[in-house]
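Chemist: let's see this in three dimensions:
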Amino acid sequence: MAISHHLLLSTLVLMTLSFSSNVYGDYGTATFNKPPYVPSSCYGFEDQGVMIGAASDDIWDDGAACGRFYSVQCLSGTNQGDPEPCTGDSIVVKITDQCPPPGCQGTIDLSEEAFAAISNTDAGKINILYQQA
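Modeler: Take a look at the predicted model:
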């Protein structure tokens, strides 16, 4: 009896581990801003393209975040009752700026183009999973 109980418990643990998610990262929110994206705190007037973001104090790290890349995935909208805004895609953005308080409304303030790649811009603010790439 003890052996079959142990076998059942082992099987349940293995099934749980196999169904658990391998998602790693931090949870936060994302907003977006519209062009122009220069000047920036990190690169002045040097254009860094459109797959960029501004870091909130949570990830700014006294400017050490400049040039870091973050993988960002939309998880859901922040407004209950709104249609699901996420596209299901994830993106990688380069931190080029600091999101100045108190105007920063999210963990990462994405460019409009980066935000649109993972969510409908009508959402305005989304819940995200992000990690340094």
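
Chemist: how about the contacts made by the nearest residue to Asp82 once chain neighbours are set aside?
Modeler: The shortest distance from Asp82 to any non-neighbouring residue, by C-beta to C-beta, 6 or more residues apart in numbering, is to Ala123 (6.8 Å). Every C-beta, even on glycine, is put in place using the N, C-alpha and C of the backbone. By C-beta atoms under 8 Å, 6 or more residues apart in numbering, Ala123 lies in contact with 77-79, 82, 85.

Chemist: against Glu112, how distant is Ala123?
Modeler: Distance from Ala123 to Glu112, counting by C-beta to C-beta, to the nearest Å: 12 Å.

Chemist: stretch 114-131: end-to-end distance?
Modeler: With C-alpha to C-alpha, to the nearest Å applied, stretch 114-131 spans 15 Å between its terminal residues.

Chemist: oh, I was asking about stretch 62-79
Modeler: 31 Å.

Chemist: so what's the residue count around Gln73?
Modeler: A count of neighbours around Gln73, defined by other C-beta atoms under 10 Å, yields 21.

Chemist: of the contacts of Ala123, closest to Ser56?
Modeler: Thr78 (15.0 Å; C-beta to C-beta).

Chemist: quick one, helices of this structure?
Modeler: 2-19, 57-60, 112-118 (DSSP state H).

Chemist: could you find the closest non-adjacent residue to Tyr43?
Modeler: With C-beta to C-beta, 6+ apart, the residue lying closest to Tyr43 is Thr96, at 5.6 Å.

Chemist: what's the burial count for that neighbour?
Modeler: Thr96 is flanked by 26 other residues according to other C-beta under 10 Å.

Chemist: which residues touch it?
Modeler: 37, 40-43, 48, 52-54, 66-67.

Chemist: of those residues, which is the nearest to Thr29?
Modeler: Using C-beta to C-beta, Gly53 comes nearest to Thr29 of the contacts of Thr96, at 12.2 Å.
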